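1. fold the stuff below for me.
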Amino acid sequence: MSSDTTTDNYEAATAGASQEVASFETHKKGLVGHIHDTLHHNPSLVPLIVLVSAILIFGLTLGSKFFSPFAMTLILQQVQIVGVLAAAQSLVILTAGIDLSVGALAVLSSVIMGQFSFRYGVPPVMSVAIGLTIGTAIGALNGWLVSRVKLPPFIVTLGMWQIVLAANYLYSRNETIRAQDIEEQAAFLQLMGAKFQIGGATFTLGVLLMLGLILALAYALRSTAWGRHVYAVGDDPDAAELAGVNVHRTIMSVYMLVGFICALAGWVMIGRFGSISPSASTGMMGNIQSITAVVIGGISLFGGRGSILGAFFGALIVGVFELGLRMAGANPQWTFLLIGALIIAAVTVDQWIRKVSS
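-> This is a model prediction of the structure:
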């Protein structure tokens with residue numbers, strides 16, 4: 001047999017095998033494969049489906065009172081603080097870290113803004129700026145300890161949570177600044193609580209700040225080099241460094257931005273509650289609720305994958321369940337049960353996507 005004949009037979013056999021493999025892989029992908037690809041490329045799709053489903057279920061059950069402009073905007077007002085904190089938490093988790101100090105840092109920032117205005121007589125505008133600066137500085141310290149000292153983010157932020165919590169009470173002398181005093185002497189501190197109406201729906205500046213922040217961060221993460229670096233660091237910091245990403249600078253920028261956003265949450269908190277208290281429940285609950293929103297929102301706790309819009313949807317899901325069950329007269333404990341089930345389901349979906357991807 002000639003060599004030309006042997007070559008022709010080999011090429012024919014391999015071509016047939018290649019076609020069979022290609023057709024097998026296409027067939028194997030099927031419906032499950034398409035669902036996986038869709039969820040992988042659109043991580044915020046699952047929480048969006050859950051959110052829309054919850055709104056429809058409560059709307060059909062409770063009727064027009066749940067679909068009213070008042071109810072819809074009330075949800076936004078209730079989640080505005082958690083939504084801002086969830087935006088901050090999302091950035092850290094995208095880098096495969098976690099921040100347990102976000103809630104306490106928000107409270108400390110609000111205390112600083114109030115104390116500088118009332119104790120030192122600083123103009124409220126400057127007091128807000130000082131609070132934002134100190135929040136950013138604490139975030140920078142967290143970032144330096146994680147990036148340069150190589151301490152685990154969990155340990156760093158757990159320790160910082162305790163430090164900030166103590167600083168709250170020591171610096172404020174455990175005193176609450178009343179809403180009436182703020183309104184009379186430093187009304188600018190309550191600016192984020194200013195309300196206005198659009199088509200029968202009532203909004204606050206704090207809600208607008210939350211929405212603007214979510215959209216700005218979503219754009220930055222999707223369409224800028226910095227955003228791509230954040231995802232790369234969370235996915236594999238060693239590979240990102242080999243690819244030319246400045247890992248230290250990226251982590252520092254994330255934690256500094258997180259500190260700044262937490263301080264913004266403190267300002268929003270003053271507008272929401274009116275008063276300034278070092279014992280505000282946002283301290284501990286803010287940590288839990290922000291992580292809950294991020295997890296339900298489909299952001300992977302292993303870093304490198306997820307959408308900040310998903311975290312926003314996660315915060316709205318919690319708000320919809322809380323308001324819907326309250327309007328239905330159900331026991332509040334059902335909210336915790338449903339949210340817990342959603343957390344487990346969200347992590348299960350994330351693990352499934354990673355398993356199929358590998």
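2. so which residues of the stretch 51-200 of the chain form strands?
-> Secondary structure of the stretch 51-200 of the chain by DSSP state E, counting those that start in this stretch: the strands cover 195-198.
3. where does it dip in pLDDT?
-> Segments of the stretch 51-200 of the chain classed as low confidence (criterion: pLDDT under 70) are not present in this model.
4. do that again at 80, thanks
-> Applying pLDDT under 80 to the predicted model, the residue ranges of the stretch 51-200 of the chain that meet it are 63-64, 199-200.
5. for Phe116, give me its contacts.
-> For Phe116, the residues meeting the contact criterion (Cβ atoms under 8 Å, 6 or more residues apart in numbering) are 122, 126-127, 130-131. All C-beta spots, glycine's among them, are computed from the backbone N, C-alpha and C.
6. out of these, give me the one that has the most neighbours.
-> Ranked by the number of neighbours (other Cβ atoms under 10 Å), these place Gly131 first, at 27 neighbours.
7. circling back: Gln77: which of the contacts of Phe116 is nearest?
-> Ranked by distance to Gln77 (Cβ to Cβ), those are led by Gly131 at 21.9 Å.
8. ok so, going back, need the contacts of Phe116 in TSV (columns: distance to Ile177).
-> Formatted as TSV, the contacts of Phe116 follow (distance: Cβ to Cβ, whole Å):
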residue	distance to Ile177
Val122	14
Met126	17
Ser127	12
Ile130	16
Gly131	13
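9. in helices only, show me these.
-> With helices identified by DSSP state H, the entries of those that belong to them are 126-127, 130-131.
10. show me which of the residues you listed is closest to Gln190.
-> Minimum distance to Gln190 across the ones in helices among the contacts of Phe116 is 12.3 Å, recorded for Ser127 (Cβ to Cβ).
11. in contact with that closest one, which residues?
-> If you count contacts by Cβ under 8 Å, 6+ apart, then Ser127 has 112-114, 116-117, 186, 189 around it.
12. quick check: the farthest pair among these?
-> Of all pairs drawn from the contacts of Ser127, the greatest distance, 13.0 Å, lies between Ile112 and Ala186 (Cβ to Cβ).
13. give me every residue that touches Asn42.
-> Ser307.
14. now swap in the one 5 residues further on and tell me
-> In this structure, Pro47 makes contact with 296-298, 310, 313-314, 317, 346, judged by Cβ under 8 Å, 6+ apart.
15. tell me which helix or strand it sits in.
-> For Pro47, the enclosing helix or strand under DSSP states H and E is helix 45-62.
16. just Ser290 next, same as before
-> Remark: Ser290 resides in helix 282-296, with elements defined by DSSP H and E.
17. after that helix, next one along is what?
-> Sequence-wise, the next helix or strand downstream of helix 282-296 (DSSP H and E) is helix 308-327.
18. tell me which residues in that next one are buried?
-> Of the residues in helix 308-327, those buried by neighbour count under the rule 16 or more other Cβ atoms under 10 Å are 308-325.
19. same check on stretch 128-142?
-> Applying a neighbour-count criterion of 16+ other Cβ under 10 Å, one finds 128, 130-132, 134-136, 138-142 buried in stretch 128-142.
20. how about the nearest residue to Gly103 once chain neighbours are set aside, what does it touch?
-> With Cβ to Cβ, 6 or more residues apart in numbering as the measure, Gly286 is the residue that lies nearest to Gly103, at 2.6 Å, once sequence neighbours are left out. With contact taken as Cβ under 8 Å, 6+ apart, Gly286 is in contact with 81-82, 85, 102-104, 106-107, 265.
21. could you dump those into CSV with neighbour count and distance to Leu56 added?
-> Formatted as CSV, the entries for the contacts of Gly286 read as follows, by neighbours: other Cβ atoms under 10 Å; distance: Cβ to Cβ, whole Å:
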residue, neighbour count, distance to Leu56
Ile81, 28, 26
Val82, 28, 23
Leu85, 36, 27
Val102, 32, 32
Gly103, 31, 31
Ala104, 28, 37
Ala106, 32, 33
Val107, 28, 36
Ala265, 35, 30
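22. which of those fall in helices?
-> With helices identified by DSSP H, the entries of the contacts of Gly286 that belong to them are 81-82, 85, 102-104, 106-107, 265.
23. now the two most distant members of those.
-> That would be Val82 and Ala104, which, of the ones in helices among the contacts of Gly286, are the farthest apart (Cβ to Cβ) at 14.6 Å.
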